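>>> Return atomic coordinates for the entry below.
(chains A and B)
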Amino acid sequence: MKLDTKLLAETPEGIAILLRPAGAVPRGLAYALDFFIRFVVMFVAAMFLARIKGMGTGLMLVTYFALEWIYPIVFELLPGAATPGKRAMGLLVMMDTGLPVTPSASVTRNLLRVADFMPFLFAFGLLTMLMRHDFKRLGDVVAGTVVVHAEQVRLAGALPEAEPLAPRVPLTRAQQVAILHLAGRARRLTSERLDELAALAEASLPPADYAPGGTSPAPIRPGPRLVAVAQWLMGQR
Amino acid sequence: MAMTPRQFEARYEPAWLELERGLNALDAGRKKAKAGPFPTGASEVPGAARVAQLYRQCCEHLALARERAYPVHLVARLEALTARAHQRIYRRHDLGLGAFRHLVLYQAPAAVRALRWHLLVATIVFVLPVIVVGVATWIEPHFVLTIVDAGQVREFDGMYGRQAGEHLGRTSGDDWTMFGYYIMNNVGISFRCFAAGLILGVGSLFMVGFNGLLLGAVAGFLVTRGDSERFFSFVVTHSAFELTAIVLSGAAGLKLGQAMLAPGRLTRTQALMRAARETSPVVFCFTLMLVIAAAIEAFWSSAGWVAPGVKYAVGGCCWALVFAYLGLQGRGHDAAVLEARAR
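Below is the predicted model of the structure:
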């Protein structure tokens, strides 16, 4: 069963791009932020436009219209592909194929926000989002777009430096992958926790008192030994 | 012996760094991307053609790294790099003016003609209430009160009745105010009318029919009051755009509803996506028509000093223009245009 919400988008070059769809909470906050920005812009515009006789009210209404319908479309078609609210939440809109959002898709998803709003307060949109693993609202489903987190989460970094040690026995591929993944996370874990986890692989690690060409004076804990094996697997000899 | 992750990284990292430099330069836009011969110097900023080549190389590297289960940080680095290059390479490069021209001249009328059956239904749902309510109100003027309340009737009277002043069609507000109001109100209504089609098409039918009811009630009421000339000379010009746009938005909404209700051999999602792609030129078309209608309604229709005869003539021309545009413009290219869009 799939545990995460990652979305795979395949490209013509034959690779898959990982998208991380954004859920209801960040999108709701982004909407609230956009709403606030639009409100402030409208408020400021109204202060100035109210002084213009004649055209003032008309321009005010046009501004209101533009803020309601044009604002999201324009920002989504700019290079950042996100309204200021979405940008602040680290979100952006793209096609579910991983391509940049097209004008017609952006128009569709923003007009259909009306359908998402029905019957009250985005009930349909929220329901659709909660029912789907890619968190699309109705407008996204129809337009084929998806709102994603712009940044990928990095749980694993580069391996810590260590003298390489050969594993005690030849490792299967799955074992190699597990060791490399754990070593990649070593910097994020306390040394005690790393030892605890590395102890699970004790059977594959070299003995605690092993040192290249003899025995080490003091036993080495499992964590550092696992990192050393990982370095060996990386190709350091 | 298989290549170890270290060797892999040492061997291909220069290419990754070069691609990164190229992307940075493209993002900064400092160096204009030229499609010339590939620059060869190591520290040089690669041009567009070289970036595309590097991108394909990096895709290969990523596929290899995944297949050989290299450490996560290596794969993640390549993933981020290729994802960034992918976004950059497949981005639109022009302002879309050519595409806009093509949309106006070919795609929009072709998409409207492709919806002819939905248009027929929407037209019937709109025209029938206009006729029925109009005639009913004409025969029995009190019938208008079953559609709208007394306050609104008084408002109509103020807008088109004998005491309506220099400006027709409004009780207060100048041309610019009304222009803004019409844009906000009418375009908003038609967007909602389109979107309401998602509710199995019923929403669009309801909104189109309801607008028909209102129009019938107002027209019938004003005719019985003897204000027909004032009213019809007011509406004749902008209605060419406005009423057509309402029917178009209803038809586009119906298309969405149809995809939801009877997706045929596609899944509902696929059918909806296709319907949205097919109707988006129509959405553009009716939005543009409503903006035109708002301008005409605010500045021309309301001008009390223009003789009704002139308005009827101009109005007639507008109706002919709209029908000619939707019916004839780009005719004969339809199949090619629609096929190119569906791809």
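>>> can you give me the helices in the stretch 201-343 of chain B?
B:202-224, B:228-261, B:268-296, B:308-328, B:334-342 (DSSP state H, counting those that start in this stretch).
>>> Can you lay out those helices as CSV showing mean neighbour count, distance to residue A:179 and mean pLDDT?
Where C-beta positions appear, they are placed from N, C-alpha and C, glycine not excepted. Formatted as CSV, those follow (neighbours: other CB atoms under 10 Å in any protein chain shown; distance: least, CB to CB, whole Å; pLDDT from 0 to 100):
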stretch, mean neighbour count, distance to residue A:179, mean pLDDT
helix B:202-224, 22, 58, 90
helix B:228-261, 24, 51, 90
helix B:268-296, 22, 42, 87
helix B:308-328, 15, 67, 91
helix B:334-342, 14, 50, 79
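>>> Need the nearest residue in space to the residue of chain A found nearest chain B, chain neighbours excluded.
For chain A, the residue positioned closest to chain B under CB to the nearest CB is residue A:235, at a distance of 2.4 Å. Leaving out its chain neighbours, the residue that sits closest to residue A:235 by CB to CB, 6 or more residues apart in numbering or on different chains is residue B:4, at 2.4 Å.
>>> tell me the phi and psi of the residue of chain A closest to chain B?
phi 110, psi 0 (degrees, to the nearest 10).
>>> Measure how buried it is and give me the count.
17 (other CB atoms under 10 Å in any protein chain shown).
>>> so who does it touch?
Residue A:235 makes contact with B:4-7 under the criterion CB atoms under 8 Å, 6 or more residues apart in numbering or on different chains.
>>> can you pull the contacts of the residue nearest to residue A:235?
Shown in contact with residue B:4 (CB under 8 Å, 6+ apart): A:233-235.
>>> and residue 22, how many neighbours?
In the absence of a named chain, this looks at chain A. Other residues close to residue A:22 by other CB under 10 Å number 25.
>>> sorry, should have said chain B
Using other CB under 10 Å, residue B:22 has 26 neighbouring residues.
>>> Can you tell me the element it falls in?
helix B:5-28 (DSSP states H and E).
>>> coming back round to it: need the pLDDT of the residue nearest to residue A:235.
Reported pLDDT at residue B:4 in the predicted model: 85.
>>> Check residue B:37 too.
On the pLDDT scale, residue B:37 is placed at 46.
>>> got it, and residue B:161?
So residue B:161 comes in at 69 (pLDDT).
>>> Report the two of the contacts of residue A:235 separated the most.
The most widely separated members of these, counting by CB to CB, are B:5 and B:7 (7.5 Å).
>>> related to what we said a few turns ago, which among the contacts of residue B:4 gets closest to residue A:88?
The closest of those, once distances to residue A:88 are taken by CB to CB, is residue A:234, at 39.0 Å.
>>> So the closest one sits against residue B:5, correct?
Yes: under the criterion of CB atoms under 8 Å, residue A:234 makes contact with residue B:5 at 4.8 Å.
>>> residues shared between the contacts of the two?
Residues touching both residue A:234 and residue B:5 (CB under 8 Å, 6+ apart): residue B:71.
>>> I figured residue A:126 hits residue A:24, correct?
Yes: using CB under 8 Å as the test, residue A:126 is close enough to residue A:24 to be in contact (6.1 Å).
>>> Next, the buried residues of the longest helix seen in chain A.
Ranked by number of residues, the top helix in chain A under DSSP state H is helix A:24-49. By neighbour count on 16 or more other CB atoms under 10 Å in any protein chain shown, the buried set for helix A:24-49 is A:26-28, A:30-31, A:33-34, A:37-38, A:42, A:45, A:49.
>>> Give me the helices and strands touching it, please.
helix A:55-65, helix A:71-77, helix A:84-88, strand A:91-95, helix A:123-131 (3 or more CB pairs under 8 Å, 6 or more residues apart in numbering or on different chains; DSSP states H and E).
>>> got the CA positions of stretch A:210-230 in PDB?
Backbone C-alpha positions of stretch A:210-230 (Å, rounded to 0.1, in the frame of the first residue of the first chain) are rendered in PDB as follows:
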ATOM      1  CA  TYR A 210      37.700  -5.300  13.900                       C
ATOM      2  CA  ALA A 211      40.200  -2.900  12.400                       C
ATOM      3  CA  PRO A 212      42.000  -3.200   9.000                       C
ATOM      4  CA  GLY A 213      45.000  -5.400   9.600                       C
ATOM      5  CA  GLY A 214      44.300  -6.400  13.200                       C
ATOM      6  CA  THR A 215      42.000  -5.700  16.100                       C
ATOM      7  CA  SER A 216      41.100  -2.300  17.400                       C
ATOM      8  CA  PRO A 217      42.000  -1.400  21.000                       C
ATOM      9  CA  ALA A 218      38.400  -0.400  21.900                       C
ATOM     10  CA  PRO A 219      35.200  -1.800  20.500                       C
ATOM     11  CA  ILE A 220      33.600   0.400  17.900                       C
ATOM     12  CA  ARG A 221      29.900   1.100  18.200                       C
ATOM     13  CA  PRO A 222      27.400  -0.100  15.500                       C
ATOM     14  CA  GLY A 223      26.600   3.400  14.100                       C
ATOM     15  CA  PRO A 224      30.100   4.300  13.000                       C
ATOM     16  CA  ARG A 225      30.700   0.800  11.700                       C
ATOM     17  CA  LEU A 226      27.500   1.100   9.600                       C
ATOM     18  CA  VAL A 227      28.700   4.400   8.200                       C
ATOM     19  CA  ALA A 228      32.100   2.900   7.400                       C
ATOM     20  CA  VAL A 229      30.400   0.000   5.600                       C
ATOM     21  CA  ALA A 230      28.300   2.500   3.700                       C
END
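>>> Can you tell me what sits against that stretch?
Applying CB under 8 Å, 6+ apart, the contact partners of stretch A:210-230 are A:159-160, A:162-167, A:179-180, A:182-184, A:186, A:191, A:194-195, A:198-199, A:201-202, A:204-206, A:208-209, B:71.
>>> Repeat that for stretch B:255-265.
With contact meaning CB under 8 Å, 6+ apart, stretch B:255-265 is reached by A:142, B:115, B:118, B:194, B:197-204, B:268, B:270-272, B:274-276, B:278-279.
>>> before we move on, the earlier item: so the longest helix of chain A versus helix A:55-65, what angle?
170 degrees (axes from the mean of the first three to the mean of the last three CA atoms, to 10 degrees).
>>> the inter-axis angle of helix A:24-49 versus strand A:91-95?
100 degrees.
>>> Can you verify my assumption that residue A:237 contacts residue A:163?
No: assessed by CB under 8 Å, residue A:237 is found out of contact with residue A:163, at 10.6 Å.
>>> Those two: which is more packed in?
More crowded of residue A:237 and residue A:163, by other CB under 10 Å: residue A:163, with 12 against 9.
>>> still on that earlier bit, reformat the contacts of residue B:4 as a markdown table; add pLDDT and distance to residue B:20.
Output for the contacts of residue B:4, formatted as a markdown table (pLDDT from 0 to 100; distance: CB to CB, whole Å):
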| residue | pLDDT | distance to residue B:20 |
| --- | --- | --- |
| A:233 | 87 | 27 |
| A:234 | 85 | 22 |
| A:235 | 82 | 23 |
